[in-house]
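Chemist: Below is the sequence, then the predicted model.
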Amino acid sequence: MLRLLVSAALGSSTATALRCTRRQCCNLGAAAVALAPGAALANDALLEDAFSARTKVLRPLPPSTCDAKTPDWLVGDWTVAASRFEGVSFPQSGSYYPRGGFTQTIAGARRGTILAIPNAGAAPKGYARSYASTLGTSSDVTNAASTLKAFWSDATDIRLEQQNDRRTIVNYRAPTVKRGVLPQRIVADRLACASESPSPSSLIVAERWAQASVVDDADAALTSLSGTYTAWHRYDRVDQGVRETLRVAAFDDSPAADDIRPAAVYDYSFFLRRRAGR
């Protein structure tokens with residue numbers, strides 16, 4: 001299985017700036033870092049240290065961190081030719097099950113609670129992806145509609161609303177557990193972003209998010225807070241396309257949570273093929 005290793009490989013100036021508290025998602029001092037394949041599980045010592053904020057200086061992420069130009073080899077329209085769910089681990093419990101069980105405060109526990117993987121565990125392919133000319137717009141936002149449809153085929157009437165530079169709302173209709181098909185929406189705030197290019201053929205983008213999932217009911221608006229998470233995307237230019245490796249670290253932001261480590265870590269890999277004429 002492909003595994004993604006988080007290691008502190010940033011330049012000193014960037015690494016010093018990327019700091020945040022657990023409730024803002026994670027320590028990005030090791031955020032835009034080398035997610036190298038063939039590496040370790042989520043409870044390895046190196047990853048454990050990368051996710052820990054106890055010994056770090058807590059500083060806010062500087063503004064405009066992701067205003068860099070997207071590499072020419074990634075800009076444009078793509079098809080996800082293959083995808084693979086590489087697994088999930090639970091650093092807090094050190095086992096195959098989350099400590100205290102999955103709750104609605106852990107992103108990924110319910111559908112529609114992580115933009116990049118709206119149905120954690122599914123591995124769809126054949127859907128469209130696009131990448132803008134700059135990193136100022138999150139690719140997770142640009143591709144939110146096609147990704148949601150691919151991961152959750154029952155989702156319909158998908159509409160994107162960009163409320164401001166930080167907040168994105170995804171409106172859609174989908175089945176609920178007990179009340180049939182109802183209008184729903186995702187409210188996702190991109191709290192911070194950082195990027196790094198380890199080589200001319202590689203790009204790493206790290207983003208921390210706060211996200212909520214809302215079901216509109218005739219009797220009441222039921223809000224399911226999915227908490228905070230950080231997503232690391234690594235893109236590598238390879239023969240015939242681009243290989244993407246994705247790691248999402250989800251945090252338990254419930255009042256009872258006292259552990260700064262992520263509650264769940266999801267790993268994915270994708271192969272992107274350029275769309276004809278694009």
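Modeler: All right, it came through fine. Source: prediction; values computed, not measured.
Chemist: And stretch 71-78, what's buried?
Modeler: 71, 74, 78 (16 or more other CB atoms under 10 Å). Yep, even glycine has a C-beta here, placed from its N, CA and C like the rest.
Chemist: what's the answer for stretch 164-172, then?
Modeler: Of the residues in stretch 164-172, 168, 170, 172 count as buried by neighbour count, 16+ other CB under 10 Å.
Chemist: likewise stretch 80-97?
Modeler: Within stretch 80-97, the residues that count as buried by 16+ other CB under 10 Å are 80, 83, 86-93.
Chemist: all strands for the protein, in order.
Modeler: Ranges of strands in the chain, per DSSP state E, are 76-89, 128-131, 156-162, 167-175, 181-196, 202-216, 221-238, 241-251, 264-274.
Chemist: so which of the ones you listed gets nearest Ser146?
Modeler: Ser146 lies closest to strand 128-131 among the strands of the chain, at 4.8 Å (CB to CB).
Chemist: strands paired with the closest one, and their directions?
Modeler: Within its sheet, and counting by DSSP bridges, strand 128-131 is paired with strand 76-89 (antiparallel).
Chemist: and the partner strand, C-alpha only, in CSV?
Modeler: Presented in CSV, the C-alpha positions along strand 76-89 are these (Å, rounded to 0.1, in the frame of the first residue of the first chain):
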residue,chain,number,x,y,z
GLY,A,76,-6.1,23.0,-16.8
ASP,A,77,-8.6,20.1,-17.0
TRP,A,78,-8.0,16.5,-16.0
THR,A,79,-9.8,13.2,-15.5
VAL,A,80,-9.3,11.1,-12.4
ALA,A,81,-8.3,7.9,-14.2
ALA,A,82,-7.7,5.9,-11.0
SER,A,83,-8.1,6.4,-7.3
ARG,A,84,-7.3,4.2,-4.3
PHE,A,85,-8.2,4.5,-0.7
GLU,A,86,-5.0,3.6,1.1
GLY,A,87,-6.5,3.3,4.6
VAL,A,88,-7.4,5.1,7.8
SER,A,89,-5.6,5.1,11.1
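Chemist: I'd like the average pLDDT over that strand.
Modeler: Across strand 76-89, the average pLDDT comes to 94.
Chemist: just the angle between that strand and strand 241-251, please?
Modeler: Orientation check (axes from the mean of the first three to the mean of the last three CA atoms, to 10 degrees): strand 76-89 against strand 241-251 gives 40 degrees.
Chemist: Would you mind identifying the helix or strand in this structure with the lowest mean pLDDT?
Modeler: Sorted by mean pLDDT, DSSP states H and E, the helices and strands of the chain end with helix 12-17, the least confident at a mean of 29.
Chemist: Chain neighbours aside, what residue packs nearest to Leu135?
Modeler: Ranked by CB to CB, 6 or more residues apart in numbering and with sequence neighbours excluded, the top spatial neighbour of Leu135 is Cys66, at 4.2 Å.
Chemist: related to what we said a few turns ago, in TSV, list the buried residues of stretch 164-172 along with distance to Ser201 and pLDDT.
Modeler: TSV is the format used below for the buried residues of stretch 164-172 (distance: CB to CB, whole Å; pLDDT from 0 to 100):
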residue	distance to Ser201	pLDDT
Thr168	29	92
Val170	32	95
Tyr172	36	95
